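Visitor: kindly return the folded structure for what I paste below:
(chains A and B)
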Amino acid sequence: MDRPILRTFIAYVEDRPGVLNRVASLFRRRAYNIESLSVGRTHIAGISRLTLVLEADEDGARRLEANLYKLVNTLWVRDVTHTASVARDLALIKVKADATSRAQVLQLCEVFRARTVDVAPEALTIEITGTGDKIEGLLEVLRPFGIIEMVRTGMIVMTRGAEEAEARFDSIPVRTAENGAS
Amino acid sequence: MKRTGAQIIWEVLVREGVDVVFGYPGGAIMPAYDTILGYPIRHVLVRHEQGASHMADGYARASGKVGVCVATSGPGATNLVTGIATAMLDSSPIVCITGQVSSKLLGTDAFQETDITGVTLPITKHNYLVTDVQDIAPTLREAFYIARSGRPGPVLVDITKDAQQASIDFEPPKGEVRLPGYRPSQHAVQTDIEKAIDLIDEAERPLILAGQGIVRAEATRELLSFVEKTGIPVASTLLGLGGFPATHPLSLGMMGMHGEAWVNNAIQEADLLIALGMRFDDRVTGNLKTYAVKAKKIHVEIDRSEINKNVKVDVGLIGDVRDTLLSLIPGCKQRNRGPWVERINLLKGDSAVRDIQQLPYNDKLYAAHVMHDLWRLTDGKALVVTDVGQHQMWEAQYYKHDHPRKLVTSGGLGTMGFALPAAIGARFAKPEDEIWVVVGDGGFQMTACELSTCAQEGLKVHVAVINNGYLGMVRQWQEFFYNRRYSATPMRSPDFVKLAEAHGLTGIRVTKREEIAGAVERARATPGTVVVDFRVEQEDSVYPMVPAGADLNDMIRRPSPIVETGEDP
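Guide: Next up is the predicted model:
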């Protein structure tokens, strides 16, 4: 259990200015290399959700969790590495494809259930969502054609089943001068 | 009632119980400085903002309350940084209020603009940028709450000039501060408490490692009852000194790099370590691979992230030290650990003859003499504020602290220049205490400008400069590990007696041991701050010493017996 493996954390944070900087800075100064970090809003006002992937051993993972909780704006952290979950990454890949190779590229995309989102005389832009492995797989077969550009969102993860992680939060009450911090 | 943001700052501070702040005015904080005249808060004008953050820190350490410093934007704010980092590493509760350029100028590289929340992000427990007058009161209340609760620490609140100038209808905020993601108080799990009690009852050679958490949690009485019930000897970290009475028979003294030899040896022989509010800093453990390998470990800590950080423990009890001790005491068996205590006494062995104090009179003044005599002459009751370096370690070794909050010292960051300003802060926290600043000739010169603050405020502190003409600790490392190549460590100093006099203060010079008592008497009898320049032996070293990264029991000892040679070590 003690060797470093890739771990996935989900963290809910208050949507305050600089909060992403606080999280990123925490990992930077604790000398962890972030594999992937994605952040976006939840359906609850004032709360953002982070998905974070990085390499850590078991102790390191527990400490990271504790360090995340030390940030005043952190609401809830969960290590979902060993929890059944749905993981998705989205990539846009621009690959060289002229009249002679286009059919072949499109066929490969079919196999990977990737979508073509732009066609140019010399290139195709492909959208693919899936696990990191699936995207790596497509990249592997497209590489011989010549990849021009690629962009990925980073991992987002949700645990399986009916669990309502976000149900534990009411919306963050808006602070007013009358009631002070709340 | 209508209030400006600048007034609201002080309205909130008065309600938080603040009666003194340390600071330096400037453009972006001028509205606040204009309104402070209307509030019952004493402002201490420092000579450099670094002094302000150290003063707030010294105030906090000596009082247990939150210390406050104030600075303007840009250079004023960045000058606070060293003091903030010092407070962060030693978990000291301070609130720093800084002015910021007007919100419409933010991000334009305006005159005296610095992104101080960005700069201090890694060295504050939390920080804020306030651009709206509505947010000033709630933010400051949060800042005080965060600074003092849980594991205490520094909080910075940066307030734009326009927010200070704007007015609102102001009602003082009431009720408790609630932060949705912040849970400062935690309690150890009952099954873990039981596991810990079993380990404690079974242990034949247990040791308590008492850290600063004892002092911060006001747990000295609980620690004493725990020790008297279980008969377990206590070793202290530097910042833990005073958390357990040094003159108690079960007090062993300080552990670590310059800890007593028998303490480090006892740690290596122990079968159980009970770490209370300490964090296994590298200066305390030496080589982690060989650290206390025979011992099971119980770690009581308020900060969950410290558990298993450096040393893997068998039981982690997350929570306030006092709280946790109260849960442990009733369950633990009454025990006398005579054989183990005897074994430790045996470990003390030759340490006594290696003590510098055993050196026959040779006309030289040793720093250890100064510390020992100071302890004796003040009945161990003075509040001592030390700087960082050799003198700090000698103080820790020779001044026996029986009471908490009587030693104020920079541990984690090792900040030279800390002592004089921190002592000024402590002066306001403890108006009745006799305060001694123990400082080296190097560190003194980093913040000696604050003598002027002492003079202007009419403060009485005694400054003992342990003057050896070197940056002593670095010189010692050069002696041991760099073949005596004294690169940049010989240091020429001004005449400290004249320096004191230049500030309208008193200076005394001491060159012989028999002059110490007279100088202390004179310092006490003289009004105002007194600087005593102790010209001590120049190339004395602090023993024992665990070289950085070496095994804890692999110590460089003072050559023995010095009694025979009569020479310098």
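
Visitor: so what secondary structure elements neighbour the lengthiest strand in chain A?
Guide: Secondary structure assigned by DSSP state E gives strand A:85-96 as the longest strand of chain A. Applying 3 or more Cβ pairs under 8 Å, 6 or more residues apart in numbering or on different chains; DSSP states H and E, we find strand A:85-96 packed against strand A:123-130, helix A:132-142, strand A:147-152, strand A:156-159. Quick note: C-beta positions are derived from backbone N, CA and C, even for glycine.

Visitor: closest one to chain B among the ones you listed?
Guide: Chain B sits nearest to strand A:156-159 of all the helices and strands packed on strand A:85-96, at 20.5 Å, using Cβ to the nearest Cβ.

Visitor: quick one: strands adjacent to the closest one?
Guide: strand A:85-96 (antiparallel) (DSSP bridges).

Visitor: name the helix or strand for residue 62, please.
Guide: Defaulting to chain A. helix A:58-70 (DSSP states H and E).

Visitor: think we crossed wires, I meant chain B
Guide: With DSSP H and E as the criterion, residue B:62 is inside helix B:49-63.

Visitor: quick one: least confident helix or strand in chain B?
Guide: The helix or strand of chain B with the poorest confidence is helix B:562-565; it has a mean of 48 (mean pLDDT, DSSP states H and E).

Visitor: ok and the residue in the stretch 151-300 of chain B nearest chain A?
Guide: For the stretch 151-300 of chain B, Cβ to the nearest Cβ, closest residue to chain A: residue B:173, 3.3 Å.

Visitor: which ones are touching the residue nearest the centre of chain A?
Guide: Among the residues of chain A, the one closest to the centroid is residue A:155, at 2.5 Å (Cα atoms, centre = their mean). Shown in contact with residue A:155 (Cβ atoms under 8 Å, 6 or more residues apart in numbering or on different chains): A:8, A:36, A:38, A:51, A:53, A:87-89, A:132.

Visitor: do the same with residue A:36
Guide: A:51-54, A:89, A:154-155.

Visitor: check residue 40 and give its pLDDT.
Guide: Since you didn't name a chain, this refers to chain A. Looking at residue A:40, its pLDDT reads 93.

Visitor: could you do chain B instead?
Guide: Residue B:40 is given a pLDDT of 98.

Visitor: what is the burial count for it?
Guide: Here the number of neighbours of residue B:40 (other Cβ atoms under 10 Å in any protein chain shown) works out to 9.

Visitor: that one is in contact with residue B:14, isn't it?
Guide: Yes: applying Cβ atoms under 8 Å, one finds residue B:40 in contact with residue B:14, separated by 6.6 Å.

Visitor: tell me the centre residue of chain B?
Guide: Centre-nearest of chain B using Cα atoms, centre = their mean is residue B:409, 3.5 Å out.

Visitor: give the contact list for that one.
Guide: Residue B:409 touches B:238-239, B:385-386, B:388, B:392, B:395-396, B:418, counting by Cβ under 8 Å, 6+ apart.

Visitor: host element of residue 77?
Guide: Looking at chain A here, since you left the chain open. Going by DSSP H and E, residue A:77 is part of strand A:74-79.

Visitor: to clarify, I was referring to chain B.
Guide: helix B:75-78.

Visitor: pull out the buried residues from that helix.
Guide: The neighbour-count check on helix B:75-78 (16 or more other Cβ atoms under 10 Å in any protein chain shown) flags B:76-78 as buried.

Visitor: residues in contact with the strand holding residue A:77?
Guide: Strand A:74-79 is contacted by residues A:7-14, A:47, A:61, A:65, A:68-69, A:165, A:168-169, B:180-181 when judged by Cβ under 8 Å, 6+ apart.

Visitor: at 7 Å instead, please
Guide: A:7, A:9-14, A:47, A:61, A:65, A:68-69, A:168-169, B:180-181 (Cβ atoms under 7 Å, 6 or more residues apart in numbering or on different chains).

Visitor: ok, stretch A:109-121 next?
Guide: In contact with stretch A:109-121 (Cβ under 7 Å, 6+ apart) are residues A:98, A:106, A:124-128, A:134, A:137-138.

Visitor: quick one: the contacts of residue A:36 as JSON lines, columns for secondary structure and pLDDT too.
Guide: Listed next are the contacts of residue A:36 as JSON lines, based on DSSP: H, G, I helix; E, B strand; the rest coil; pLDDT from 0 to 100:
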{"residue": "A:51", "secondary structure": "strand", "pLDDT": "96"}
{"residue": "A:52", "secondary structure": "strand", "pLDDT": "95"}
{"residue": "A:53", "secondary structure": "strand", "pLDDT": "94"}
{"residue": "A:54", "secondary structure": "strand", "pLDDT": "93"}
{"residue": "A:89", "secondary structure": "strand", "pLDDT": "95"}
{"residue": "A:154", "secondary structure": "coil", "pLDDT": "93"}
{"residue": "A:155", "secondary structure": "coil", "pLDDT": "94"}
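
Visitor: assign a three-state SS to the nearest residue to residue A:141 once chain neighbours are set aside, would you?
Guide: Computed as Cβ to Cβ, 6 or more residues apart in numbering or on different chains, the closest residue to residue A:141 that is not its neighbour in sequence is residue A:108, at 5.2 Å. Under DSSP: H, G, I helix; E, B strand; the rest coil, residue A:108 falls in the helix class.

Visitor: my guess is residue A:108 meets residue A:139, correct?
Guide: No: the criterion here is Cβ atoms under 7 Å, and residue A:108 misses it with residue A:139 at 10.8 Å.

Visitor: pull up the gap between the residue nearest to residue A:141 and residue B:200, please.
Guide: According to Cβ to Cβ, to the nearest Å, residue A:108 and residue B:200 sit 66 Å apart.

Visitor: which of these two has more residues huddled nearby?
Guide: residue B:200 (23 against 17).

Visitor: which secondary structure element contains that one?
Guide: For residue B:200, the host element (DSSP H and E) is helix B:190-202.

Visitor: what of residue B:188?
Guide: Residue-wise, residue B:188 maps onto no helix or strand under DSSP H and E.

Visitor: can you count the residues close to it?
Guide: Neighbour tally, residue B:188, other Cβ under 10 Å: 20.

Visitor: columns distance to residue B:20 on top of the contacts of residue A:155, output as TSV?
Guide: Below are the contacts of residue A:155 laid out as TSV (distance: Cβ to Cβ, whole Å):
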residue	distance to residue B:20
A:8	49
A:36	49
A:38	47
A:51	47
A:53	48
A:87	55
A:88	56
A:89	55
A:132	57
